[in-house]
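Undergrad: Requesting a structural model of the entry that follows:
(chains A and B)
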Amino acid sequence: MATGVGTQGQGHFTSFAQIVADQLGVDVRDVILVTGDTSEFHWGTGTFASRGAVVAANAINASAKRVREKILALASKVLEAPEDELELAEGVIRVADIPRISITLGELAILANPLRGAVEPGTEPGLEATAYFGPQYGAIAFGTHAMILDVDPQTMMIEIKRYVAVEDCGTVINPLILEGQIHGGVSLGIGNSYYEKLVFDDNGQLLNASLVDYLIPTAAEVPRIEVGHEETRSPLNPLGSKGVGEAGAIPVPALFAQALENALPEYDLEILEAPLSPNRLFELLREKEREL
Amino acid sequence: MTKKYIGKRIKRSEDPRLLTGEALFVDDVEIPGMLHAAFLRSDYAHAYLKSIDISAAQALEGVVAVFTTETMGDDWQPGPPLVSPPPTVEDVIFHSRTQVPLVKDKVRHVGEPIAIVIAENRYIAEDAVDDIVVDLEPLDVVVDIEKAMQPDAPLVHDDLDSNLAAHIKQEKGDYAAIREAADLIIKRRIVIDRGAAAAMENRGVVAQWDAKSQHLTVWDTTQAPIPIRNGLAARLDLSEHQVRVIAPFIGGAFGPKMMMFYPEEMLIPWVSIKLDRPVKWIEDRYENFYATTQERGQVHDAEMALTYDGRILGVSDVFLHDSGAYDPYGLTIPLNTQCHMMGPYDVANYYSESKVVFTNKIITTPVRGAGRPQGIFIVERLLDLAARELGIDPIEIRMRNLIPPDAFPYEHKIIDQAFAPLIFDSGNYKPVLEKAADMIGYDQFVKDEQPRLRAEGRHVGIGIVPFIETTGVGPYEEPG
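TA: Predicted structure coming up:
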C-alpha cells in the first residue's frame, strides 16, 4: 500500500494498515505501508490540516475494496465457485462450506500476473488498484476539554491537577493512536497557553532563540490526560471518519484563561491574551492590585 | 468485510524500528563524496544588501563553492505562491510576495539567507561563513503588526503602498442590525502572540544529482514530498520522472514542514546539480528559530451581541494577522480563524474582517491548530465575560447556544481554507460537554472541593471549553 500522505509520527503505518487488513482479510502485520517516496506514487498533496484519517484513509479503503473485488472475481474462476460463496480470511480465499477448496492470496496474485496465457479483454493483470478520494467539503470534528489547575500567586507557577479531553472525530481507526494525537495536541496547547512565547525586540531580534529561554513544556508540566470519546459518524465519507490531528491543541489557551480567572477570583481578572507566562501573570496581578 | 482491526487498540508497527535506531531520518543519509552546506544569515531584520565579498571564504581550504544571488545568475527565482486567494469571495485584496533562495536587494527578517557555503564538512563551511564580508545598510524595522499598519511605517516591500498583504471580509446575516437589538454587547481587544512548532527533529535536505542517469534524488524533512517533487522539477527544468523526493521518517513536523520551497529546499538541489556532487544541509536548533516558520500572531477587536438570557445574537471581529516578511501561504490561517470564531454555537449574524500584515520577521505558516485556536479563544473569552456579566453559569450559557443535533448539516454561509462553503456536516455537541463536565466532576468540584481548598489558602480554578475543528479538507489523495 503506497500513499502520498506521509508520516511524521502519527502512526500512519499502523492505522492505514488496519483498514487494508479488514478489507483483504489479512493479518495487519502483513500489510506494509510505503509512504513519503515519490517514486512509489505520483498524485497527492500531503499530511496537513487534520486530513489523514479522512482523505487518505478513505482513499485507501476504496483502493483496498477494489483489490478485494479483483481477488474475489479471479478466485471465483480459479476455484470454480460463485463469488458469494467465497470467504476471505487469514490471507486465504476458500469456499465457505468446503474449506479444502482454497488458494492463498500469494498464489492467486501469481496467477493474476501470468508469464503465458492471455489476460481476458476488459480485465487488468495483477491484484492492484488505485483509487482517489476527494471530499465534497471538510468534516467538522468537535469536543470539550476541562481542567483543574492550582496557581501559586507568589511564584506564578501553575500545576494542572486534572485534565480531561473528550473528543468526537467520527469513526475511530485506532484508539491508541487517537489518544496519542490528543496527548500531543494538548502538550502543544499547554505550551501555547503558559510557556511558549517568541519574544521579538523592536529591532526584530528574537530574544529567546534557544530552548533554554523558549520554554517547551516538559514531562513535569504535562499532566496525565484523561481522554473520553463520543462517536458521531460523518456522512461525508464511507468510513464516517473525521480528522483529529489538531483537536488537542485548539481549546487549550481558552481553557487556561477561564481556569486562571476562576482560580484567582479576588483579582477579577480578564485574560485577553495568549500565551501567558509566569512573568506575564505577575504583571497582570500587580496591575490589578494597583487598581483595587 | 470483517471488522477485525478498525477500531482496535493495536500497537504501532513502526515503533520497533524507531526505538532500535533502524529508521532512516534525513541526517542518516550518508553518500560517498557528499558535501555540507552552511548559510550566512542576516543579523539585521531589515537592511539593504550593499555588497558581499566571498573571496576569503572561497580561499579557505576545504571549501568547494560559495554562492550568492549574483553567482546564481538566471537560476535565481523566488518561491512559488502556495495558496491562491479564495476565488469566490468578493473584494479580496491579495499581494503575493514569496520567499527567495538568497537575499537579492534587501533583507526582510533576521536569519534570511544571504550566501551559501559548500565545503567538505560543516565545520569548515561554518568557518567560511564567518569569512564572508557583507555590507548591510540597516533600515528601520517594523515588528508590531499594529505599528506596521500605521501610515508612516517602514515598508517591508517597497513596491507596495503599505504593509497590507491581504484583506478579506466575510459575513453572514446582518450583525450591524442585530447589534441594535442586543441586551448586552461584550467588546474587547484580544492579543495572541507567536509560538514556534519546535519539532524534535529540525529540518534538513540532502540532494544527489546523478549526471550519468540525469536523475535527482532529494531527501527532505517535508510533509509534502509530491508537491516538492513537482515544484523542484519545474524550477530546475527537469521532468517529474527525473526527480525523486523522499520524506523518510520525520521527527515531528506540526505544520512548518508543510511550508514548501523554503530557501534551503530551493537551493540544495540546485547546488547538487551545479557541482555534480551530493550535498547535505541539516538545520541546527538556533537556525530553526530563525529559518523555520512560526504562527499565531493576531490582534483582534472583537465583539459579541447577546440577549439578557445569554443567547448569542451575533459576533463581529476585525483582526490583524501577522504574516511575517512574505505570504506564500495565502489566507489559509486567517480563513481558519474566521471559521472558528462562532465555535460550536448557533450564530445567525457574523461579520469578520481580516487584514494580513507584513512585518520584519520570519514567515508565518500553519502550526498545529493553524488559526483555529485563535478563533476559539476569541469566542470562548467573549462568552465567558458575557456569562460573568449576566450571572449565568459558564456551562449553562454554552448549553443555551450549542447548535442542536437536528440542525445538521448546518450552513455558515462563509468559506473555509479550502474555499469550500463552511458546512458543519454532523455533530452532537451537548454529550461531549456533559461528558467532560462529568469526567472532571465539575459540579462537585465547584460545590465542595473548591471552597474547601480555598479555605486552606489554595488558588484552584476549573475551566471547561467546547470547540469545533474543521478537518478532512481536500483536494484529494490517491493511494494504490
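Undergrad: Residue ranges of each domain in chain B, please.
TA: Chain B breaks down by automatic domain parsing into domains covering B:145-194+B:296-430, B:431-470.
Undergrad: Report the buried residues of the shortest one.
TA: Read that as domain B:431-470. Residues B:431-442, B:445, B:450, B:453, B:459-470 are the ones in domain B:431-470 that count as buried (16 or more other Cβ atoms under 10 Å in any protein chain shown). Placement of C-beta: from N, CA and C, glycine included.
Undergrad: contacts with chain A among those residues, please.
TA: Among the buried residues of domain B:431-470, the residues that sit close to chain A (Cβ under 8 Å from any Cβ of the partner chain) are B:431-433, B:435-437, B:439-440, B:442, B:445, B:459-470.
Undergrad: how deep is the residue of the stretch 151-300 of chain B found nearest chain A tucked in, by neighbour count?
TA: The stretch 151-300 of chain B approaches chain A most closely through B:Ala224 (3.2 Å), counting by Cβ to the nearest Cβ. Neighbour count for B:Ala224, taken as other Cβ atoms under 10 Å in any protein chain shown: 27.
Undergrad: do the same with B:Val134
TA: Close neighbours of B:Val134, defined as other Cβ under 10 Å, add up to 20.
Undergrad: and what of the one 4 residues further on?
TA: Counted by other Cβ under 10 Å, the residues lying close to B:Pro138 total 13.
Undergrad: Show only the entries of the buried residues of domain B:431-470 found in helices.
TA: Counting by DSSP state H, those place B:431-440, B:442, B:450, B:453 in helices.
Undergrad: tell me which residues in stretch B:349-366 are buried?
TA: Neighbour-count burial for stretch B:349-366, counted by 16+ other Cβ under 10 Å, picks out B:349-366.
Undergrad: what's around the closest residue to B:Lys104 other than its chain neighbours, how many residues?
TA: In this structure, B:Lys104 finds its nearest non-sequential neighbour in B:Thr69, 4.7 Å apart by Cβ to Cβ, 6 or more residues apart in numbering or on different chains. B:Thr69: 19 surrounding residues under other Cβ under 10 Å.
Undergrad: confidence score at the nearest residue to A:Val54 once chain neighbours are set aside?
TA: Of all residues not flanking A:Val54 in the chain, B:Gly472 sits nearest, at 3.0 Å (Cβ to Cβ, 6+ apart). We have a pLDDT of 80 for B:Gly472.
Undergrad: Might one say that B:Ile52 is in contact with B:Ile116?
TA: No: using Cβ atoms under 8 Å, B:Ile52 makes no contact with B:Ile116, being 11.6 Å away.
Undergrad: Mind checking which of these two has more residues around it?
TA: For B:Ile52 versus B:Ile116, neighbours defined as other Cβ under 10 Å are more numerous around B:Ile116 (27 against 22).
Undergrad: From the chain's centroid, how far away is the helix or strand harbouring the more buried one?
TA: For B:Ile116, the host element (DSSP states H and E) is strand B:113-119. Taking the mean of its C-alpha atoms, strand B:113-119 sits 26 Å from the chain's own mean (Cα atoms, centre = their mean, to the nearest Å).
Undergrad: Report all helices and strands that that strand contacts.
TA: Applying 3 or more Cβ pairs under 8 Å, 6 or more residues apart in numbering or on different chains; DSSP states H and E, we find strand B:113-119 packed against strand B:35-41, strand B:47-53, strand B:63-67, helix B:122-131, helix B:263-275.
Undergrad: what angle separates the last one from strand B:63-67?
TA: Which is helix B:263-275. Orientation of helix B:263-275 against strand B:63-67 (axes from the mean of the first three to the mean of the last three Cα atoms, to 10 degrees) gives an angle of 120 degrees.
Undergrad: can you give me the mean pLDDT across the longest helix anywhere in chain B?
TA: Longest helix in chain B, counting residues (DSSP H): helix B:372-390. Across helix B:372-390, the average pLDDT comes to 97.
Undergrad: Stretch A:155-167 too?
TA: Averaged across stretch A:155-167, the pLDDT comes to 96.
Undergrad: Next, the buried residues of it.
TA: Within stretch A:155-167, the residues that count as buried by 16+ other Cβ under 10 Å are A:156, A:158, A:160-167.
Undergrad: Could you do stretch A:197-207 as well?
TA: Neighbour-count burial for stretch A:197-207 [16+ other Cβ under 10 Å]: A:197-198, A:200, A:204-206.
Undergrad: distance between the ends of it?
TA: 10 Å (Cα to Cα, to the nearest Å).
Undergrad: hmm, who's touching it?
TA: A:208, A:213-214, A:275, A:277, B:44-46, B:109-110, B:141, B:143, B:193-196, B:289-290, B:294, B:359-361 (Cβ atoms under 8 Å, 6 or more residues apart in numbering or on different chains).
Undergrad: redo that, cut-off 6 Å
TA: Contacts to stretch A:197-207, defined as Cβ atoms under 6 Å, 6 or more residues apart in numbering or on different chains, come from residues A:208, A:275, B:45, B:110, B:141, B:143, B:193-194, B:289, B:360.
Undergrad: where does that stretch sit relative to the chain's centre, distance-wise?
TA: Taking mean C-alpha positions (Cα atoms, centre = their mean), stretch A:197-207 and its chain are 34 Å apart.
Undergrad: Run a quick neighbour tally on residue 121.
TA: Went with chain A since none was named. A:Pro121: 5 surrounding residues under other Cβ under 10 Å.
Undergrad: that's the wrong chain, I meant chain B
TA: Considering only other Cβ under 10 Å, B:Asn121 is surrounded by 14 other residues.
Undergrad: can you pull the contacts of the nearest residue to it once chain neighbours are set aside?
TA: Spatially, and ignoring its direct neighbours in sequence, B:Asn121 is nearest to B:His36 (5.4 Å; Cβ to Cβ, 6+ apart). Neighbouring residues of B:His36 by Cβ under 6 Å, 6+ apart: B:119, B:121-122, B:125, B:280.
Undergrad: Swap in 10 Å and give it another go.
TA: Applying Cβ atoms under 10 Å, 6 or more residues apart in numbering or on different chains to B:His36 gives the contacts B:62, B:64, B:117-126, B:206, B:279-282.
Undergrad: Over to B:Glu70?
TA: The contact partners of B:Glu70, taken as Cβ under 10 Å, 6+ apart, are B:51-52, B:54, B:76, B:102, B:104, B:115.
Undergrad: what's the overlap in contacts for B:Ile52 and B:Ile116?
TA: Joint contacts of B:Ile52 and B:Ile116 (Cβ under 10 Å, 6+ apart) are B:40, B:66, B:68, B:71, B:102.
Undergrad: Can you pull the phi/psi pair for the third one?
TA: It stands for B:Thr68. Per-residue torsions, B:Thr68: phi -130, psi 180 (degrees, to the nearest 10).
Undergrad: So it versus chain A, what's the distance?
TA: B:Thr68 sits at a distance of 22 Å from chain A (criterion: Cβ to the nearest Cβ, to the nearest Å).
Undergrad: What is the burial count for that residue?
TA: If you count neighbours by other Cβ under 10 Å, B:Thr68 ends up with 21.
Undergrad: Surely it is in contact with B:Val103?
TA: Yes: at 8.6 Å, B:Thr68 counts as touching B:Val103 under the criterion of Cβ atoms under 10 Å.
Undergrad: which residues are common contacts for those two?
TA: B:40, B:49, B:52, B:113-115, B:134.
Undergrad: closest to B:Asp237 among these?
TA: Closest to B:Asp237 out of the shared contacts of B:Thr68 and B:Val103 is B:Pro113 (22.4 Å), distances taken as Cβ to Cβ.
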